[in-house]
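Asker: my questions are about this predicted structure, shown below with the sequence.
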Amino acid sequence: MIKLQVIGNLGKDCIVKEVNGKNVINFSVAHTERFKDAQGNQKERTTWVECAYWTDRTAISPYLTKGTTVYAEGTPEADAYMNKDNQAAATLRMRVQTIQLLGGRNNDNQGAAPAGNSNYAGNNNYGAANAASAPRQAAPAAMPEAADDLPF
């Protein structure tokens, strides 16, 4: 099994489509790596990952807006092709199984993730569960006052 994990910012708002009776949320994630080359010059390289999240629950889609930082995990696919300049090029795609919102948008708080990060995990990319809506367990009751005769 090959698994791809990516943390990055969405390049544009997600698009929700229905394909053969199933919902898919399409979005692209950019990760920028900064490094110095052999001559000591500062360089920057951005990798884009085109993501497809197949799910029957699209509640996360309003939060998948341009600039939002996400963690996504899934199965990678790579497509090689010739671009318009007749140069070899490739596209990195991922079939998302799990997604987690890591932060709000860069420019304002509108559309930011709800308090407490939201987790969405798919089972074979078709069923999704929202950890934020999972039933919460009650906090444990306070411990009674300790007696002085405890053996420790």
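Answerer: Arrived safely.

Asker: how about Ala80: which residues does it bridge to?
Answerer: Following DSSP bridges, Ala80 is listed with bridge partners Ala90.

Asker: repeat that for Asn26.
Answerer: Ile15, Ala52.

Asker: quick check: the gap between it and Thr32.
Answerer: Here the criterion is CB to CB, to the nearest Å. By it, Asn26 lies 21 Å from Thr32. Every residue, glycine included, has its C-beta placed from N, CA and C.

Asker: looking at the two, which one has more neighbours?
Answerer: Higher neighbour count among Asn26 and Thr32: Asn26, with 15 against 10, using other CB atoms under 10 Å.

Asker: any idea of the mean pLDDT for stretch 6-17?
Answerer: Here stretch 6-17 scores 95 as its mean pLDDT.

Asker: that stretch: which residues count as buried?
Answerer: 6, 8-10, 14, 16 (16 or more other CB atoms under 10 Å).
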